[in-house]
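Participant: Sequence first, then the predicted structure, then my questions.
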Amino acid sequence: MMQVISPLKGYAIEAKDGRMGTVVDFLFDDATWRVRWLVIDCGTWLTGRKTLIHPSAILRADLEQQRFLVSLTKAQVEKSPQLAEHQPVSQQMENQLYTYYGWNPLWSGPYLSETPGAMAWPYMPPPYFGLGLTDAAPGKGASLHAADRRLRSVDEVTGYRIHAVDGEIGHIENFMIDDADWSIHYFVVDTRNWWFGKRVLISPLAVKSIDWLDRRVELDVSREKIKSSPPWDPFDTFTQIYAKRLHEHYGWPGSGA
């Protein structure tokens, strides 16, 4: 099911033996566009400490009580590798967490697999787009290769400016994920400064480049194409019928055409 990610922030994390904290952020892989880690503030239980929980540890999401039930104990979490405060999560730290908990780094949800020959969900972006993603200053053109996988904070990327081929259209207001495998399928873009009162869904498939320092996303579609796209109402249920119309309009893979 498609889920806007921001309401999940603040959800409690319930271990097998009690509450262990709340979700304060999400880290996604900027090559595969999949959420890899939930950032948990342990609150007064482990004062001042944050920890990472992999989505595969979630047993159930209780939407009514706004909590995730996880297959961990508080003792496990307390003894887990500790994050360095205010430091990026390194590949070494990720490997330590995978090893400590026995998590599979290739996990991709109950319905998907990254193993050869697996069938992907129809609207899932490809594992890597080969885009000119850069951390360099504008004009430097330092490309990101698949081997240079990095984690990005949902909190940090929210607010990035979105540019069509012929001008700015708005900013990232939210992300829409598939809650089966935690892959990001769309940016929710607020276009209020260009197209008052409208929000649109843009797939990562439309991304031409991202300047992480300048907080800017460049698309390969025009403003007019965006204006003529199927209207999206955040209060309506997202359906595969709508997804098909959206993908057919832009010519994105997975339209079912």
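Facilitator: Thanks, I have it.
Participant: for the record, mean pLDDT for stretch 31-43?
Facilitator: Stretch 31-43 carries an average pLDDT of 94.
Participant: List the buried residues of that stretch.
Facilitator: For stretch 31-43, burial by neighbour count (16 or more other C-beta atoms under 10 Å) applies to A31, T32, W33, R34, V35, R36, W37, L38, V39, I40, D41, C42. For glycine as for every other residue, the C-beta is placed from the backbone atoms N, C-alpha and C.
Participant: ok, so of these, who is nearest P204?
Facilitator: Top of the list for closeness to P204, among the buried residues of stretch 31-43 and by C-beta to C-beta, is W33 at 4.9 Å.
Participant: Can you tell me the closest non-neighbouring residue to that closest one?
Facilitator: Spatial nearest neighbour of W33, excluding adjacent residues (C-beta to C-beta, 6 or more residues apart in numbering): I184 at 4.4 Å.
Participant: Tell me who's in contact with that neighbour.
Facilitator: I5, F28, W33, R34, V35, P125, F175, M176, I177, P204 (C-beta atoms under 8 Å, 6 or more residues apart in numbering).
Participant: Among those, give me the pair with the biggest separation.
Facilitator: When these are compared pair by pair using C-beta to C-beta, the maximum separation belongs to I5 and P125, at 15.7 Å.
Participant: who's more crowded, the two?
Facilitator: For I5 versus P125, neighbours defined as other C-beta atoms under 10 Å are more numerous around P125 (22 against 19).
Participant: per-residue confidence for the more buried one?
Facilitator: Per-residue confidence (pLDDT) for P125: 41.
Participant: and if you look at G132?
Facilitator: 39.
Participant: So which residues of the stretch 51-200 of the chain form strands?
Facilitator: Chain-ordered strands for the stretch 51-200 of the chain, with DSSP state E, counting those that start in this stretch as the definition, fall at 58-62, 67-70, 151-153, 161-164, 167-178, 183-190, 199-202.
Participant: I'd like a version of those in TSV, one that adds distance to T239 as further columns.
Facilitator: Compiled in TSV, the strands of the stretch 51-200 of the chain are given as follows (distance: least, C-beta to C-beta, whole Å):
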stretch	distance to T239
strand 58-62	20
strand 67-70	25
strand 151-153	28
strand 161-164	24
strand 167-178	13
strand 183-190	13
strand 199-202	13
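Participant: Got the phi and psi for K225?
Facilitator: For K225, the backbone dihedrals are phi -60, psi -40 (criterion: degrees, to the nearest 10).
Participant: One more: A243?
Facilitator: Per-residue torsions, A243: phi -60, psi -40 (degrees, to the nearest 10).
Participant: and if you look at the one 5 residues further on?
Facilitator: The phi/psi pair for E248 (degrees, to the nearest 10) reads phi -70, psi -40.
Participant: Can you get me a residue count around it?
Facilitator: Counted with other C-beta under 10 Å, the burial measure for E248 works out to 14 neighbours.
Participant: just P7 next, same as before
Facilitator: Neighbour count for P7, taken as other C-beta under 10 Å: 11.
Participant: what secondary structure does it sit in?
Facilitator: When the structure is reduced to helix, strand and coil (DSSP: H, G, I helix; E, B strand; the rest coil), P7 reads as helix.
Participant: when you give positions from now on, start the count at 532
Facilitator: New numbering, starting at 532: the last item is P538.
Participant: Tell me, what's the model's pLDDT at it?
Facilitator: 94.
Participant: Next, find the distance separating it from N705.
Facilitator: Using C-beta to C-beta, to the nearest Å, we find P538 at a distance of 9 Å from N705.
Participant: Helices of this protein, residue ranges please.
Facilitator: 605-609, 622-632, 685-688, 754-758, 771-781 (DSSP state H).
Participant: a markdown table for those helices, including mean pLDDT and distance to I741?
Facilitator: Written out in a markdown table, the entries for those read as follows (pLDDT from 0 to 100; distance: least, C-beta to C-beta, whole Å):
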| stretch | mean pLDDT | distance to I741 |
| --- | --- | --- |
| helix 605-609 | 96 | 33 |
| helix 622-632 | 94 | 20 |
| helix 685-688 | 95 | 9 |
| helix 754-758 | 96 | 18 |
| helix 771-781 | 94 | 18 |
